[in-house]
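Student: dropping the sequence and predicted coords here.
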Amino acid sequence: MDHILFIFLILLGATWIATTIGAALVMFFKRSDSQMSHIMLGFAAGVMIVAAFWQLLQPAIEIAEERFGGNAIFPVLGGFLVGCLTILLLDMFLAHRKKIRDAKGEQGFRFKKSFMMVSAISIHNLPEGFAVGVLIGTLGSNFQTEQLMALLPVIIAIALHNLPEGTVVSVSFRNEGLSKFKSFFLGQVAGLTEFIASVAGFLVVVSLDGILPYALAFAAGAMIWVAVHELIPECQKNKERHPYYATIGIIVGIAIMLALSIFAEA
């Protein structure tokens, strides 16, 4: 059981570790590469869309059909919509706080501006972390190697996305005048929320077996909302100068996820 617990902890913390490594690169970089960040945002969107359908919604439908028969639509559709609604409410809350800050004219308060940025990234990371935790929770204590291999593509892909994301966030803080250490700290804090969400998703699944299809669908809804509402519009901001970068990132993300998923099932 000790080695199984160790494996679970490594898997749960993989995305946070990747973010921390990326954030540490602020010690060497002075400015972020906007072109690369747009590609990576597109890459993340592609990863999350494929993962939401293939690794989350598909097993949610299968489990719901096995348990609820003809009523399978209710836990899957309900969990999916609640996941979307949850991220919508969090996003609305964050936007409301930003309006209050702008109305007060809080110029020069770097900490408050940094806090808003970390909050935005953290909310973006929540569904990713929860999805990872839910997927790891489905393994159980007697999991087979084949089951673990089927989940690794999602975890690896999200970790690969978090690596440059940690760099972009930390370098952004560095560009605002913060020290290298503070920039690194704030960059990895955004990844810490993903680890917390992973643990929460894991505990929900292992503690409440009956909630599994709801949790899978919830995570899928949250991930798709973030991909469609946040990542895709953001990665397209530089479309006039570089019309294909974001799309290439999306296609590469989808292609890698498909390749890893097919390889794991082979």
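Tutor: Cool, got the structure. Residues are numbered from 1 along each chain as shown.

Student: which parts of the chain are helices?
Tutor: For the chain, the helices defined by DSSP state H cover 2-24, 34-51, 58-68, 73-103, 110-137, 145-175, 180-207, 212-226, 232-235, 245-265.

Student: and the residue lying closest to K237 once chain neighbours are set aside, what does it touch?
Tutor: The shortest distance from K237 to any residue other than its chain neighbours is 7.1 Å, reached at H38 (Cβ to Cβ, 6 or more residues apart in numbering). From N, CA and C alone the C-beta is placed, and that goes for glycine too. When contacts are counted by Cβ atoms under 8 Å, 6 or more residues apart in numbering, H38 touches 234-238, 242, 245-246, 249.

Student: pLDDT and neighbour count added to these, as CSV?
Tutor: Output for the contacts of H38, formatted as CSV (pLDDT from 0 to 100; neighbours: other Cβ atoms under 10 Å):
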residue, pLDDT, neighbour count
E234, 79, 17
C235, 81, 24
Q236, 82, 18
K237, 79, 13
N238, 73, 16
H242, 73, 14
Y245, 82, 21
A246, 84, 26
G249, 85, 25
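
Student: list just the nearest of these to V82.
Tutor: Set against V82, the nearest of those by Cβ to Cβ is E234 (24.4 Å).

Student: follow-up on the earlier one: pick the most buried one from the helices of the chain.
Tutor: Of all the helices of the chain, helix 212-226 carries the top mean neighbour count, a mean of 27, counting by mean count of other Cβ atoms under 10 Å.

Student: helices or strands up against that one?
Tutor: Using 3 or more Cβ pairs under 8 Å, 6 or more residues apart in numbering; DSSP states H and E as the contact test, the elements touching helix 212-226 are helix 34-51, helix 58-68, helix 73-103, helix 110-137, helix 180-207.

Student: helices and strands of this structure: which one bottoms out on pLDDT?
Tutor: Every helix and strand of the chain was ranked by mean pLDDT, DSSP states H and E. The lowest is helix 110-137, at a mean of 70.

Student: pretty sure A51 sits against I224.
Tutor: No: A51 is beyond contact range of I224, at 9.7 Å (criterion: Cβ atoms under 8 Å).

Student: list the residues that contact both of these two?
Tutor: Listed as contacting both A51 and I224 by Cβ under 8 Å, 6+ apart is no residue at all.

Student: contact partners for V134?
Tutor: Residues in contact with V134 (Cβ under 8 Å, 6+ apart) are 56, 201-202, 204-205, 212, 215-216, 219.

Student: among the contacts of H38, which one sits closest to L192?
Tutor: Distances from L192 to those, taken by Cβ to Cβ, are shortest for E234, at 21.7 Å.

Student: that closest one and L41 touch, don't they?
Tutor: Yes: the pair E234 / L41 is scored as a contact, 5.4 Å apart, by Cβ under 8 Å.

Student: pLDDT below threshold where in the stretch 1-150 of the chain?
Tutor: By pLDDT under 70, the low-scoring segments of the stretch 1-150 of the chain are 1-6, 29-37, 94, 96-121, 123-124, 140-147, 149-150.

Student: distance of L139 from I7?
Tutor: Distance of L139 to I7, given as Cβ to Cβ, to the nearest Å: 9 Å.

Student: overlap in contacts of these two?
Tutor: With Cβ under 8 Å, 6+ apart, L139 and I7 have common neighbours L148.

Student: which residue packs closest to the residue nearest the centre of the chain, ignoring adjacent ones?
Tutor: The centroid of the chain falls nearest to E128 when counting by Cα atoms, centre = their mean (2.7 Å). Leaving aside its chain neighbours, E128 sits nearest to I158 (5.3 Å; criterion: Cβ to Cβ, 6+ apart).

Student: check contacts around that neighbour.
Tutor: 15, 18, 44, 47-48, 51, 128, 132.

Student: just these now: which is nearest F195?
Tutor: Relative to F195, the closest of these is T15; by Cβ to Cβ it sits at 7.0 Å.

Student: check contacts around that closest one.
Tutor: If you count contacts by Cβ under 8 Å, 6+ apart, T15 has them with 125, 128-129, 132, 155, 158-159, 162, 191, 194-195, 198.

Student: can you count the residues close to E240?
Tutor: 7 (other Cβ atoms under 10 Å).
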